[in-house]
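K.L.:
what follows is a predicted structure for the sequence shown.
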Amino acid sequence: MEAMELVGLNTKWHRYQKGLTQEQYAAKTNFKIAYISNIETGEANLTCKNIDAIAKSFGIKTKQLFDEETALEAKNLPTRVDKYIKK
């Protein structure tokens, strides 16, 4: 798995674990929703600064965004997290 896909899937995984929609995560990070979508699909060519910002926003170590096991689990997540968040 390539780095952009790993970071994207792990971003999705951690966002899902926090129960955040892309819209909520965008508000938290000041990233645009479209950018978050591109990150999570592995289409965004992230800078080191943005990778660090993502890790910090989740309170995790940067290296956790490159975890292949978590990325593989993220492939099984639903596409719309807001449908699965308990209110």
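P.N.:
Okay, I see it.
K.L.:
show me where the protein dips below the pLDDT cut-off.
P.N.:
79-87 (pLDDT under 70).
K.L.:
now do 80
P.N.:
Scanning the chain for pLDDT under 80 picks out the ranges 78-87.
K.L.:
centroid residue for it?
P.N.:
Nearest to the geometric centre of the chain sits Thr11, at 1.7 Å (CA atoms, centre = their mean).
K.L.:
how about it, what does it touch?
P.N.:
Ile36, Ile39, Glu40, Ile54, Leu65 (CB atoms under 8 Å, 6 or more residues apart in numbering). In short, each C-beta sits where N, CA and C put it, glycine included.
K.L.:
Serialize the residues you listed to CSV and add fields for distance to Leu77.
P.N.:
Below are those laid out as CSV (distance: CB to CB, whole Å):
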residue, distance to Leu77
Ile36, 14
Ile39, 14
Glu40, 10
Ile54, 17
Leu65, 16
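K.L.:
now, which of those sits nearest Ala3?
P.N.:
Leu65 (9.3 Å; CB to CB).
K.L.:
before we move on, back to that, over to the residue nearest to the centre of the chain: give its phi and psi.
P.N.:
Backbone torsions for Thr11, taken as degrees, to the nearest 10, come to phi -60, psi -50.
K.L.:
how much space between it and Leu77?
P.N.:
11 Å (CB to CB, to the nearest Å).
K.L.:
contact partners for Phe66?
P.N.:
Phe66 makes contact with Ala3, Leu6, Val7, Asn10, according to CB under 8 Å, 6+ apart.
K.L.:
buried ones in whichever strand or helix holds Glu5?
P.N.:
For Glu5, the host element (DSSP states H and E) is helix 3-17. For helix 3-17, a neighbour-count test (16 or more other CB atoms under 10 Å) marks 4-16 as buried.
K.L.:
do stretch 48-67 as well
P.N.:
For stretch 48-67, by 16+ other CB under 10 Å, it's Asn50, Ile51, Ile54, Ala55, Ser57, Phe58, Leu65, Phe66, Asp67.
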